[in-house]
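**Q** No letters, just coordinates:
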């Protein structure tokens with residue numbers, strides 16, 4: 001992937017939006033543990049940011065996935081990672097399957113207004129007893145006449161308190177095994193039988209997170225995305241874009257942490273010299289900058305492969321694994337150089353430290369990425385056959 005002038009123009013538009021429409025308010029939103037997503041999304045929709053990769057037929061820009069990567073990276077200009085996370089759910093986590101496999105009617109009803117910023121979406125996969133183990137979810141959707149009736153609970157749902165609709169994965173059959181008995185649905189959040197409960201977190205505070213309860217929730221049969229029984233495979237496809245988006249979103253975010261650490265350690269004096277003058281500090285920051293650039297190259301290569309139609313599973317898993325681990329390492333190292341100020345809740349680096357921890361958990365934990373990679377490498381131990 002090579003960044004063109006068109007990519008750069010888009011990136012500057014997003015960065016300017018972060019600086020003018022988000023950063024002045026993030027401290028207030030962090031304290032409130034939510035932000036005005038409908039208002040912010042509408043402004044983004046007016047700029048054409050929410051649908052860069054989606055068909056012009058439904059209000060998108062009709063560009064390729066590399067433009068989504070550029071948007072994700074530029075959103076690292078936000079001073080709180082929770083807001084970009086909420087935006088990424090809208091653009092690259094709850095909408096890909098709808099855009100690719102949904103009927104024209106369903107896309108007109110939900111994709112178009114989501115691209116315009118008139119609706120806020122969420123992705124409903126994780127459950128209290130099934131996070132990274134997608135095959136183990138227990139929410140059901142059963143046919144009754146012309147409706148689907150949904151029962152179950154979804155957990156850790158970003159945008160869940162404010163969402164107008166959720167892309168929900170549910171079991172639609174007792175047959176076919178855990179990979180062939182699931183389907184994806186668009187569920188309007190004003191349907192009867194839905195209850196929401198806010199979840200409080202240690203980071204990503206500006207992003208509202210909810211537990212969702214579904215009790216005999218009826219939706220029209222036309223709200224099925226694509227084919228019945230294909231939900232697991234559709235969701236695996238969505239995960240590839242989610243994981244690449246998340247890795248891209250960490251890049252500028254980590255560069256800014258290094259930049260702020262250089263600035264702080266240059267000004268902070270101890271034992272007759274600046275903290276930065278210590279070789280252990282400036283060497284370490286150079287090493288971390290190199291790691292970020294290496295990850296950027298990996299993300300760009302993965303994005304290029306994905307756009308060319310190549311299987312992105314291996315590369316996307318590597319990007320996800322590396323971004324989560326590097327963000328944790330980088331934030332921890334930089335916080336150390338800030339000393340007591342780094343441990344203060346209001347500092348930039350402490351917020352980054354709390355926010356970055358989620359990268360190794362959400363969208364597939366590190367251990368899941370390692371399992372995928374070992375399977376592709378052929379290094380997983382063979383399971384013993386049951387007697």
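**A** Right, received. Where do you want to start? Predicted, not measured: the structure shown is a model, and the values here were computed from it.

**Q** in the protein, which spans are helices?
**A** Remark: helices assigned in the chain by DSSP state H are 5-17, 26-32, 37-46, 65-74, 82-92, 96-101, 104-106, 112-116, 231-267, 279-307, 313-338, 348-356, 366-377.

**Q** any chance of those in JSON lines, plus mean pLDDT?
**A** Converted to JSON lines, those look like this (pLDDT from 0 to 100):
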{"stretch": "helix 5-17", "mean pLDDT": "98"}
{"stretch": "helix 26-32", "mean pLDDT": "96"}
{"stretch": "helix 37-46", "mean pLDDT": "98"}
{"stretch": "helix 65-74", "mean pLDDT": "98"}
{"stretch": "helix 82-92", "mean pLDDT": "98"}
{"stretch": "helix 96-101", "mean pLDDT": "97"}
{"stretch": "helix 104-106", "mean pLDDT": "97"}
{"stretch": "helix 112-116", "mean pLDDT": "98"}
{"stretch": "helix 231-267", "mean pLDDT": "96"}
{"stretch": "helix 279-307", "mean pLDDT": "98"}
{"stretch": "helix 313-338", "mean pLDDT": "97"}
{"stretch": "helix 348-356", "mean pLDDT": "96"}
{"stretch": "helix 366-377", "mean pLDDT": "96"}
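
**Q** Distance to residue 127 and mean neighbour count added to those, as JSON lines?
**A** Every C-beta, even on glycine, is put in place using the N, C-alpha and C of the backbone. Putting the helices of the chain into JSON lines (distance: least, C-beta to C-beta, whole Å; neighbours: other C-beta atoms under 10 Å) gives the following:
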{"stretch": "helix 5-17", "distance to residue 127": "33", "mean neighbour count": "16"}
{"stretch": "helix 26-32", "distance to residue 127": "27", "mean neighbour count": "16"}
{"stretch": "helix 37-46", "distance to residue 127": "23", "mean neighbour count": "18"}
{"stretch": "helix 65-74", "distance to residue 127": "26", "mean neighbour count": "25"}
{"stretch": "helix 82-92", "distance to residue 127": "17", "mean neighbour count": "26"}
{"stretch": "helix 96-101", "distance to residue 127": "18", "mean neighbour count": "22"}
{"stretch": "helix 104-106", "distance to residue 127": "24", "mean neighbour count": "13"}
{"stretch": "helix 112-116", "distance to residue 127": "24", "mean neighbour count": "22"}
{"stretch": "helix 231-267", "distance to residue 127": "13", "mean neighbour count": "22"}
{"stretch": "helix 279-307", "distance to residue 127": "28", "mean neighbour count": "17"}
{"stretch": "helix 313-338", "distance to residue 127": "21", "mean neighbour count": "22"}
{"stretch": "helix 348-356", "distance to residue 127": "24", "mean neighbour count": "22"}
{"stretch": "helix 366-377", "distance to residue 127": "15", "mean neighbour count": "15"}
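
**Q** Among the ones you listed, which comes closest to residue 158?
**A** Closest approach to residue 158 among those is made by helix 82-92 (4.8 Å; C-beta to C-beta).

**Q** What are the neighbouring residues in contact with residue 292?
**A** 251, 254-255, 258, 326, 330 (C-beta atoms under 8 Å, 6 or more residues apart in numbering).

**Q** Make a markdown table from the helices of the chain and add distance to residue 214 to it.
**A** Compiled in a markdown table, these are given as follows (distance: least, C-beta to C-beta, whole Å):
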| stretch | distance to residue 214 |
| --- | --- |
| helix 5-17 | 35 |
| helix 26-32 | 27 |
| helix 37-46 | 21 |
| helix 65-74 | 30 |
| helix 82-92 | 19 |
| helix 96-101 | 19 |
| helix 104-106 | 19 |
| helix 112-116 | 21 |
| helix 231-267 | 15 |
| helix 279-307 | 33 |
| helix 313-338 | 28 |
| helix 348-356 | 29 |
| helix 366-377 | 25 |
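
**Q** Quick check: which of these is nearest to residue 222?
**A** The closest approach between residue 222 and any of these, judged by C-beta to C-beta, belongs to helix 104-106 at 6.3 Å.

**Q** who touches the closest one?
**A** Identification of contacts with helix 104-106 by C-beta under 8 Å, 6+ apart yields 98, 186, 222-223, 225.

**Q** So which of those are in strands?
**A** Among those, DSSP state E puts 186, 225 in strands.

**Q** which of the contacts of helix 104-106 are buried?
**A** Neighbour-count burial (16 or more other C-beta atoms under 10 Å) is assigned, among those, to 98, 186, 223, 225.

**Q** Can you name the residues bridging to the residue found closest to the last one once you drop the neighbours it is linked to in the chain?
**A** Using C-beta to C-beta, 6 or more residues apart in numbering and skipping residues adjacent in sequence, the residue nearest residue 225 is residue 184, 4.1 Å away. The bridge-partner assignment for residue 184, based on DSSP bridges, gives residue 169, residue 225.
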